[in-house]
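the following block contains a protein sequence and its predicted model.
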Amino acid sequence: GSLALLWHDRLLKAVRKRATRGDPQSVISAIDHFCRHNEWAMNVGDEKGSILDSVVSEVNPEKVLELGTYCGYSTVRIARLLPPGARLITLEFNVDYAAIARQVIAWAGLEDKIQLVEGASEDWIPRMKEHFGIETFDFVFLDHWKDRYLPDTKLMEDCGLLRKGTVLLADNVICPGVPDYLEYVRNSLSYKSCYFKSHLEYTKAEDGLEKSVFLG
Ligand SMILES: Nc1ncnc2c1ncn2[C@@H]1O[C@H](Cn2cc(CNC(=O)c3cc([N+](=O)[O-])cc(O)c3O)nn2)[C@@H](O)[C@H]1O
Ligand SMILES: [Mg+2]
């Protein structure tokens with residue numbers, strides 16, 4: 001609705017005012033400042049974001065998939081750490097959010113590493129190979145609708161998009177929570193899973209990230 005759009009315009013203004021064009025870290029700090037001091041938003045945030053940073057740095061992925069772009073905060077967080085030539089595909093089906101994210105990504109100067117695709121994850125996952133020439137992903141960040149984490153993970157398995165060693169990192173496994181997904185990755189013989197305890201972005205509530213390595 002228009003109110004949400006107004007809010008997102010204020011977010012963009014804060015980014016343009018506080019962040020330096022072409023400097024991803026300043027874009028991240030500007031969004032964190034806005035969400036902590038002005039208006040909360042469901043970005044992964046700075047605390048969980050530094051866990052995301054450490055997992056991305058450890059995996060050093062060439063091919064990355066993000067489910068749920070939102071304003072592009074985690075997209076920028078991930079892309080700024082990728083080696084030259086690495087590519088990040090991010091899926092977002094809300095056109096208003098996608099428009100905001102494109103501007104955040106452009107301000108960070110990371111357009112050439114990122115492909116923002118407008119559409120639903122369930123529609124695009126089956127088309128990754130023929131449409132983007134992707135064989136398998138090295139790293140997947142799940143931050144979209146919580147009832148899509150499990151079906152989309154199974155869909156990625158069925159489409160052969162995961163290889164031995166692919167790392168899935170899921171946001172919000174405690175709040176709002178993804179019980180069916182957690183039960184699956186923690187009990188399936190195809191995954192080695194571990195939990196990184198943290199807090200819901202910009203709050204004191206518990207939340208965390210689940211890192212699950214596909215064993216093939
Ligand atoms: N199947 C889908 N395919 C592509 N994009 C999707 C899909 N589902 C949602 N999205 C998009 O993700 C964006 C952000 N989003 C994420 C969620 C789910 N995330 C949460 O609900 C959430 C909620 C809280 N929270 O309530 O405190 C905290 C968080 O960190 C969260 O990620 N809902 N919309 C939205 O633009 C939406 O269009
Ligand atoms: Mg989230």
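Received the coordinates, thanks. Ligands and ions are numbered 1, 2, ... in the order given.

contacts and neighbour counts: CA atoms only from here.
OK.

can you pull the buried residues of the lowest-mean-pLDDT helix or strand in the chain?
Sorting the helices and strands of the chain by mean pLDDT, DSSP states H and E puts helix 2-18 at the bottom, at a mean of 85. Taking 16 or more other CA atoms under 10 Å as the basis for neighbour counts, the residues of helix 2-18 that come out buried are 8, 11-12, 14-16, 18.

send the alpha carbons of that helix over as CSV?
Output of helix 2-18 as CSV, limited to C-alpha atoms (Å, rounded to 0.1, in the frame of the first residue of the first chain):
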residue,chain,number,x,y,z
SER,A,2,1.0,3.6,-0.3
LEU,A,3,1.9,3.9,3.4
ALA,A,4,4.5,1.1,3.0
LEU,A,5,5.8,2.8,-0.1
LEU,A,6,6.2,6.1,1.7
TRP,A,7,8.2,4.3,4.4
HIS,A,8,10.4,2.7,1.8
ASP,A,9,11.0,6.1,0.2
ARG,A,10,12.2,7.4,3.6
LEU,A,11,14.5,4.4,3.8
LEU,A,12,16.0,5.2,0.4
LYS,A,13,16.4,8.9,1.4
ALA,A,14,18.3,7.8,4.5
VAL,A,15,20.6,5.7,2.4
ARG,A,16,21.2,8.5,-0.1
LYS,A,17,21.8,10.9,2.8
ARG,A,18,24.0,8.8,5.0
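
who's in contact with that helix?
Contact with helix 2-18 is made by 26-27, 30-31, 34, 96, 100, 103-104, 107, as judged by CA atoms under 8 Å, 6 or more residues apart in numbering.

the same query, at a cut-off of 10 Å, please.
Taking contacts as CA atoms under 10 Å, 6 or more residues apart in numbering, the residues outside helix 2-18 that touch it are 19, 21, 26-35, 38-39, 41, 71, 96-97, 99-101, 103-104, 107-108.

only the buried subset of those residues, as a PyMOL command please.
To isolate the buried ones among those in PyMOL, judged by 16+ other CA under 10 Å, type:
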select buried, resi 19+21+26+27+28+29+30+31+32+33+34+35+41+71+96+97+99+100+101+103+104+107+108
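
near ligand 1 too, which of the contacts of helix 2-18?
Here is what survives when the contacts of helix 2-18 are matched to ligand 1 using CA under 6 Å from any ligand atom: residue 97.

so which of the contacts of helix 2-18 are in helices?
Judged by DSSP state H, helices contain the following of those: 26-35, 96-97, 99-101, 103-104, 107-108.
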